[in-house]
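In: have a look at this prediction, sequence included:
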Amino acid sequence: MFIFRLLFVLMMTSLISGCGGKPVKKPIVRLFALDCGSIEVTDMSPFSINGAFDGQSYSLANPCYLIRHPDGDLLWDTGFDQALADSPDGMRGGGFHSTVSVKLTDQLQEIGLNVDDIEYVSVSHSHPDHIGNARLFKKSTFLISSLEFSYMFSDEMRKSNESFDSYAHLESTLIKKYNDEYDVFGDGLVVIKTLPGHTPGSSILVLHLENAGTVLLTGDLIIHAAGRRIGAVPTFNTDAAQTRDSLAKFESLAAQKSALVIIQHEPMDFKKLPAFPEWLD
Ligand SMILES: [Zn+2]
């Protein structure tokens, strides 16, 4: 009996560790950066409470990110509502000129995906440049920080947020709420982490890629490269002290992991990623 039991244990060990006793290869995770709009800002003054950017203009990128894991696809931030692509002059207001030149669904189609193929959709926070296309993903599980969920469905937002209708349906779709952190595929390779301050539940995405190493997607905790250099706190953040605390935690994580930091709205960071449909892995 003992010899059979021993053989069984050896067999299982070899299955777990892979053929020939080699360790199991880590799953390949791929990061795709999609163009989900751009924002021309005539006066960057709202992006620092210290007036550091007063009078400066800047062009912000507005990407969406698709993370392909062997166990499923995650769309991180959904961009502006792609219907904006049908308005040649985009949308203007408050010193912002927002445009969408290519639809998210057309880009997904380019790699053979349609909206129903995406298992998980998550947003760094609930502003319209990030949640605009969430309504398209009716079969996906929507991953959201509990704090952000309470904020976006608060009485105040229901009454006064002009873009409330664009995401109202999310209250009754397949939702998975998380506190602090959420390990999307359960293997530590794709982790959402709440670092609040921009909004009450704003989050970043932490990826551990085979070749590129640790990659941090900032959400709007950092808006642009110049803002990162001075630890800028935008005037419209919901909590300045919380933002500073989150920035300190972010920078210490980035240093500890020697991470590649992708500032989502920074056009230089969008350009340094492989051009879609190429990917980073
Ligand atoms: Zn944004």
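Out: It's in.
In: C-alpha from now on. contacts and neighbour counts both.
Out: Fine.
In: can you pull the contacts of Q56?
Out: 42-45 (C-alpha atoms under 8 Å, 6 or more residues apart in numbering).
In: of the residues you listed, which is the nearest to T238?
Out: Of all the contacts of Q56, T238 sits closest to S45, with 16.6 Å by C-alpha to C-alpha.
In: got phi/psi on that closest one?
Out: Per-residue torsions, S45: phi -50, psi -30 (degrees, to the nearest 10).
In: setting the sequence-adjacent residues aside, check what's closest to it.
Out: Of all residues not flanking S45 in the chain, D54 sits nearest, at 4.1 Å (C-alpha to C-alpha, 6 or more residues apart in numbering).
In: what sits against that neighbour?
Out: Contacts of D54 (C-alpha under 8 Å, 6+ apart): 43-46.
In: make TSV from those and add secondary structure and pLDDT to it.
Out: Below are those laid out as TSV (DSSP: H, G, I helix; E, B strand; the rest coil; pLDDT from 0 to 100):
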residue	secondary structure	pLDDT
D43	coil	97
M44	coil	98
S45	helix	97
P46	helix	97
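In: let's see if you can find the most crowded of those residues.
Out: When neighbours are counted by other C-alpha atoms under 10 Å, M44 leads those with 20 neighbours.
In: any idea how far S59 is from that one?
Out: Computed as C-alpha to C-alpha, to the nearest Å, the M44 to S59 distance reads 10 Å.
In: now do R30
Out: 27 Å.
In: before we move on, what about D71?
Out: Using C-alpha to C-alpha, we find D71 at a distance of 36 Å from S59.
In: columns distance to L174 on top of the contacts of D54, output as TSV?
Out: Output for these, formatted as TSV (distance: C-alpha to C-alpha, whole Å):
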residue	distance to L174
D43	39
M44	37
S45	39
P46	35
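In: nearest to E110 among these?
Out: Nearest member of the contacts of D54 to E110, counting by C-alpha to C-alpha, is M44, at 34.6 Å.
In: just the pLDDT at K25, thanks.
Out: K25 carries a pLDDT value of 68.
In: lowest average confidence across helices and strands of the protein, where is it?
Out: Lowest on mean pLDDT, DSSP states H and E among the helices and strands of the chain sits helix 2-17, with a mean of 42.
In: what's near enough to touch the nearest residue to S57 once chain neighbours are set aside?
Out: Once flanking residues are discounted, S57 sits nearest to T42: 4.6 Å by C-alpha to C-alpha, 6+ apart. Contact partners of T42, counting by C-alpha under 8 Å, 6+ apart, are 55-58, 95-96.
In: these, buried ones only, as a PyMOL selection?
Out: The following PyMOL line selects those of the contacts of T42 that are buried, judged by 16 or more other C-alpha atoms under 10 Å:
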select buried, resi 96
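In: just to revisit the earlier point, wait, a strand at the residue nearest to S45?
Out: No: using DSSP: H, G, I helix; E, B strand; the rest coil, the assignment for D54 is coil, not a strand.
In: for it, give its distance to D35.
Out: Distance of D54 to D35, computed by C-alpha to C-alpha: 28 Å.
In: repeat for Q242
Out: According to C-alpha to C-alpha, Q242 and D35 sit 30 Å apart.
In: neighbour count for these two, which is higher?
Out: D35 (22 against 18).
In: thought the more buried one was touching P63?
Out: Yes: D35 is within contact range of P63, at 4.7 Å (criterion: C-alpha atoms under 8 Å).
In: which parts of stretch 130-144 are buried?
Out: Residues of stretch 130-144 classed as buried: 130-135, 137-138, 140-144 (neighbour count, 16+ other C-alpha under 10 Å).
In: between those residues, which is closest to F153?
Out: Among those, I144 lies closest to F153 (C-alpha to C-alpha), at 12.0 Å.
In: surely the closest one meets L174?
Out: No: in this structure I144 lies outside contact range of L174 using C-alpha under 8 Å: 10.8 Å.
In: could I get the full set of helices for this protein?
Out: 2-17, 104-110, 128-131, 146-152, 155-160, 164-167, 225-230, 240-256, 267-272 (DSSP state H).
In: nearest residue to N237 other than its sequence neighbours?
Out: H198 (4.3 Å).
In: any idea how far stretch 41-61 is from the chain center?
Out: Here stretch 41-61 is found 23 Å from its chain centre; the criterion is C-alpha atoms, centre = their mean, to the nearest Å.
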